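**Student:** Show me the folded form of this:
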Amino acid sequence: MSKVKGTEEFDGGRFEELNICMDGMKIGYVELYKYFPDGGEEYGINFGYVKSIELIPEYRGQRIGTEILKSLANECHHIFIYADNDRAECLYKRLGDVTDSVPDVLECEDYDVMYVIY
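**Tutor:** So this is what the prediction gives:
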């Protein structure tokens, strides 16, 4: 359902921009940071941080975002995400837990409530 649009390596991980596609049409995107343990990518992903996820309005409310986030959480072992609107907050509450235990690399992010999805 998603295709990698672009990647960028950084110290300790990789940023990926993913297009969300259905029937060959782009219906949204995800911006994801994947963080790797000190040993590097070959040792697996330590966790992910979803900077943003967006679907065009006519595809919202169909559990597409739910499936994308579950898939990312499975791939990354768990993902962190913060809600920037009420609709997003309802989705994240259903899928995950509020956390105040945030990895050091995310401490600089500006958020009110952070969620973790396993």
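**Student:** Skip the chain neighbours and tell me the closest residue to the residue nearest to the spatial centre of the chain.
**Tutor:** Geometric centre of the chain, nearest residue: Val50, 2.7 Å, by Cα atoms, centre = their mean. Leaving aside its sequence neighbours, Val50 sits nearest to Ile81 (Cβ to Cβ, 6 or more residues apart in numbering; 4.3 Å). All C-beta spots, glycine's among them, are computed from the backbone N, C-alpha and C.
**Student:** And whichever strand or helix holds that neighbour, what does it pack against?
**Tutor:** Assigned by DSSP states H and E, Ile81 belongs to strand 79-82. Packing partners of strand 79-82 (3 or more Cβ pairs under 8 Å, 6 or more residues apart in numbering; DSSP states H and E): strand 47-55, helix 64-76, strand 114-117.
**Student:** For stretch 4-24, list every residue counted as buried.
**Tutor:** Under the neighbour-count criterion of 16 or more other Cβ atoms under 10 Å, stretch 4-24 has 13, 16, 18-20 buried.
**Student:** For the protein, give me the ranges with low pLDDT.
**Tutor:** Along the chain, segments meeting pLDDT under 70 span 1-3, 39-40, 107-112.
**Student:** hang on, the earlier thing: ok, which of the helices and strands packed on strand 79-82 comes nearest Asp104?
**Tutor:** strand 47-55 (11.7 Å; Cβ to Cβ).
**Student:** Distance-wise, check the residue nearest to Ala73 when sequence neighbours are not counted relative to Asp84.
**Tutor:** Setting aside the residues directly before and after it, Ala73 is nearest to Ile117 in space (Cβ to Cβ, 6+ apart), at 4.4 Å. Distance, Ile117 to Asp84, using Cβ to Cβ, to the nearest Å: 16 Å.
**Student:** that older thread, show me what the residue nearest to Ala73 bridges to in the sheet.
**Tutor:** According to DSSP bridges, the partner residues bridging Ile117 are Ile79.
**Student:** next one: Ser52
**Tutor:** Applying DSSP bridges, one finds that Ser52 bridges with Glu31.
**Student:** if we can go back for a sec, neighbour count winner among Ile117 and Asp84?
**Tutor:** Ile117 (22 against 13; other Cβ atoms under 10 Å).
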